[in-house]
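Visitor: one predicted model, sequence on top.
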Amino acid sequence: MKNLIFPLLTASVAVYASTATAAKKQQMNVLLIVSDDLNDWVGCLGGNPQIKTPNIDGFAASGAMVMSNAQCAASVSNPSRTAMLTGLRPGTTGIYGNEQNMTDSPRAVSVQTMPQYFSANGYYSLSRGKIFHKHISESMNEQGQWAFDEWTEGSGSFSTGTSQMLNGLPKRSGGSTFDWGACKPSKENTPDYTAAVWAAEKLAGGFDKPFFMALGFTRPHLPLHVPQEFFDLYPLEKVVVPRWRDDDLDDIVDRDGKKMFKPSGDFLLFKEYGVFKDATRAYMACVSYVDQCMGVVMDALNRSKYRDNTIVIFIGDNGFHMGEKLRYRKATLWEEAARVPMIIKVPGVTKPIVCARPVNLIDIYPTLVELCGLPAASHVEGRSMASLLRSPQMKWDHPSLTTMGYKNHSLRDERYRYNVYANGAEELYDHNVDPMEWNNLISDPKYKTVADKMRSLIPVENAEPVKPYKKGGGND
């Protein structure tokens, strides 16, 4: 399933030149679009050759840079989004999972979040959909509306009209139900589509200030419910499922030589019932649904007066396993959970090209600040990608860090992934020859120099985990 050669993006030179010329020296606006649990199953990323994402691919080809080696700061929503929005890594804030509330972290609340920073520097910030992770606090409402000048509550439904599991499988305890099937509402009455229409209407209107707009799409987050038309894009008999190896996890052991991992409950359940294709089809349907929502927004932007002075960033908040490593869902340090889509268009700056340099969602904050000409945010731990956007082939020896749980870290450079756990267990993978991360090389003496270098870059400081929030939680 993994495509080693990323597809080349093509675009008309004339169109790009026209866009670059039209980009005047105006204050840049920002449009940040976040898709929940979206992995690399996007056409221009090459993660699944079956996928149909013409709108995202069209956006990439229109003058955007595809960051093909982008990683999340944590491979689950709350710590990932907290890191991106504060500019602080999980090991600094103590936010490692969804059971915690970022507003309970003294370090996180001591800084301005990205939308707050833009508002404080002359921008009008507005949002709809999931941007902050949903938590409830006595002093702050949920979803992060406290951080925006304007926050609009979502509408629409993915209801299936029944409380029964559509796929007929037993319900797994804990976290979101891994269910799939067609929802009753039409596309126009689903949450992400109504959010896209909201954004389109805002872009068609006017702003008195430069704007920072954050738009959150909930799919392909579980349950995998979208209108039937998106399932119809993928006839079940033609679906090809990701590759895996039954012995994949055998070479990952702790200091005592005991195996660290085993197949997940979802994987074993789907194997027992023979529904790997059904699950794969459902995830692809949700990705194509998000693609149509993306098309609504981009069509509106291209028709608007903001087309040539708006930075657009499209990302996933974390990856998602679809059978690889003998599991589904996320919350691991492996490639499928840590790697995310990141496509950036800066009018007059970026070109339609794929950049393989390792970057991270935590880098978005300082990047946007620099691109918009704002005073540097001194607290951020991410690294601005602005110079890389201008010169994608420049030297960039900065491995990207993903943290999943207290003292569990992963480093990814252009060739290797190195994982280390709180109990001392380690993994090392060479993506030049092993893109599926099947062969753990940590005990191979030929790779000792690589492993030693990676070990030296692992953070020493790891904040104690913030206490779980009594009303929040879950591993969605």
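Guide: It's in.

Visitor: who's in contact with the spatially closest residue to Asn121 that is not a sequence neighbour?
Guide: Leaving aside its sequence neighbours, Asn121 sits nearest to Leu374 (CB to CB, 6 or more residues apart in numbering; 4.7 Å). From N, CA and C alone the C-beta is placed, and that goes for glycine too. Taking CB atoms under 8 Å, 6 or more residues apart in numbering, we find Leu374 in contact with Tyr117, Phe118, Asn121.

Visitor: which one of those residues is nearest Leu368?
Guide: Using CB to CB, Phe118 comes nearest to Leu368 of those, at 7.8 Å.

Visitor: quick check: which element contains that closest one?
Guide: In the assignment (DSSP states H and E), Phe118 maps to helix 114-120.

Visitor: which helices and strands does that helix pack with?
Guide: Here helix 114-120 touches helix 77-86, strand 124-128, strand 211-217, helix 364-371, going by 3 or more CB pairs under 8 Å, 6 or more residues apart in numbering; DSSP states H and E.

Visitor: contacts for it next, please.
Guide: So helix 114-120 is contacted by 30, 84-87, 112, 125, 127, 131, 144, 147-149, 212, 214, 364-365, 368-369, 372, 374, 377 (CB under 8 Å, 6+ apart).

Visitor: re earlier: among the helices and strands packed on helix 114-120, which comes closest to Leu169?
Guide: Among the helices and strands packed on helix 114-120, helix 77-86 comes nearest to Leu169, with 23.9 Å by CB to CB.

Visitor: next secondary structure after that closest one?
Guide: Note on helix 77-86: by DSSP H and E, the next helix or strand toward the C-terminus is helix 90-93.

Visitor: got the contact list for Phe261?
Guide: Contacts for Phe261 (CB under 8 Å, 6+ apart) come out as Leu249, Ile252, Lys325, Leu326.

Visitor: in TSV, list these along with secondary structure.
Guide: Output for these, formatted as TSV (DSSP: H, G, I helix; E, B strand; the rest coil):
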residue	secondary structure
Leu249	coil
Ile252	coil
Lys325	helix
Leu326	helix
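
Visitor: give the contact list for the closest residue to Phe207 other than its chain neighbours.
Guide: Spatial nearest neighbour of Phe207, chain neighbours left out: Tyr124 (5.7 Å); criterion: CB to CB, 6+ apart. Tyr124 is in contact with Asp149, Glu150, Phe207, Asp208, Lys209, Pro210, Phe211, Phe212, counting by CB under 8 Å, 6+ apart.

Visitor: would you point out the most distant pair within the contacts of Phe261?
Guide: Across these, the longest distance by CB to CB is 11.2 Å; it joins Ile252 and Leu326.

Visitor: any low-confidence regions in the stretch 151-300 of the chain?
Guide: Residues of the stretch 151-300 of the chain meeting the criterion pLDDT under 70: 163-164, 172-175.

Visitor: what ranges do the strands span in it?
Guide: Counting by DSSP state E, counting those that start in this stretch, the stretch 151-300 of the chain has strands at residues 180-182, 211-217, 224-226.

Visitor: looking at these, which is nearest to Glu272?
Guide: Glu272 lies closest, by CB to CB, to one member of these: strand 180-182, at 16.5 Å.

Visitor: what sits up against that closest one?
Guide: Residues contacting strand 180-182 (CB under 8 Å, 6+ apart): 160, 166-167, 223-228, 231, 278-279, 281-283, 285.

Visitor: let's see it at 7 Å
Guide: Residues from elsewhere that reach strand 180-182 (CB atoms under 7 Å, 6 or more residues apart in numbering): Thr160, Leu166, Asn167, Pro223, Leu224, His225, Pro227, Gln228, Phe231, Asp278, Ala279, Ala282.

Visitor: that strand pairs with which strands?
Guide: Strand 180-182 sits in its sheet next to strand 224-226 (parallel), going by DSSP bridges.

Visitor: mind listing the helices for the stretch 51-200 of the chain?
Guide: Along the stretch 51-200 of the chain, the segments classed as helices by DSSP state H, counting those that start in this stretch run 54-61, 77-86, 90-93, 106-109, 114-120, 191-204.

Visitor: which of these is buried the deepest?
Guide: Mean neighbour count (mean count of other CB atoms under 10 Å) peaks for helix 77-86 among the helices of the stretch 51-200 of the chain, with a mean of 29.

Visitor: hang on, the earlier thing: using PDB, write out every CA atom in the helix holding Phe118.
Guide: Once non-C-alpha atoms are left out, helix 114-120 reads as follows in PDB (Å, rounded to 0.1, in the frame of the first residue of the first chain):
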ATOM      1  CA  MET A 114      -1.900  30.900  18.100                       C
ATOM      2  CA  PRO A 115      -5.300  32.600  17.500                       C
ATOM      3  CA  GLN A 116      -4.900  34.700  20.600                       C
ATOM      4  CA  TYR A 117      -1.400  35.800  19.400                       C
ATOM      5  CA  PHE A 118      -2.800  36.800  16.000                       C
ATOM      6  CA  SER A 119      -5.700  38.700  17.700                       C
ATOM      7  CA  ALA A 120      -3.300  40.500  19.900                       C
END
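
Visitor: would you list the phi and psi of the spatially most central residue of the chain?
Guide: Closest residue to the average C-alpha location of the chain: Gly316 at 2.1 Å, with CA atoms, centre = their mean. Dihedral angles of Gly316 (phi, psi; degrees, to the nearest 10) stand at phi -100, psi 150.

Visitor: residue contacts, the nearest residue to it once chain neighbours are set aside?
Guide: Leaving aside its sequence neighbours, Gly316 sits nearest to Leu38 (CB to CB, 6+ apart; 3.3 Å). Listed by CB under 7 Å, 6+ apart, the contact partners of Leu38 are Pro220, Val287, Val290, Gly316, Pro341.

Visitor: number of residues surrounding the first one?
Guide: The burial count assigned to Pro220 is 25, neighbours taken as other CB atoms under 10 Å.

Visitor: so what's Glu414 up against?
Guide: Glu414 makes contacts with Asn69, Ala356, Arg357, Pro358, as judged by CB under 7 Å, 6+ apart.

Visitor: what is the nearest of the residues you listed to Asp308?
Guide: Distances from Asp308 to those, taken as CB to CB, are shortest for Arg357 (26.3 Å).

Visitor: what's the nearest residue to that closest one if we skip its chain neighbours?
Guide: By the measure of CB to CB, 6+ apart, the closest residue to Arg357 outside its immediate chain neighbours is Trp396, 4.1 Å from it.

Visitor: give me the element that neighbour is part of.
Guide: Following DSSP H and E, one finds Trp396 outside all helices and strands.

Visitor: from the contacts of strand 180-182, which two are the most distant?
Guide: For these, the maximum inter-member distance is 18.1 Å, found between Pro227 and Ala279 (CB to CB).

Visitor: out of the two, which sits in the more crowded spot?
Guide: In this view Pro227 and Ala279 are compared by other CB under 10 Å, and Ala279 has more residues nearby, 24 against 21.
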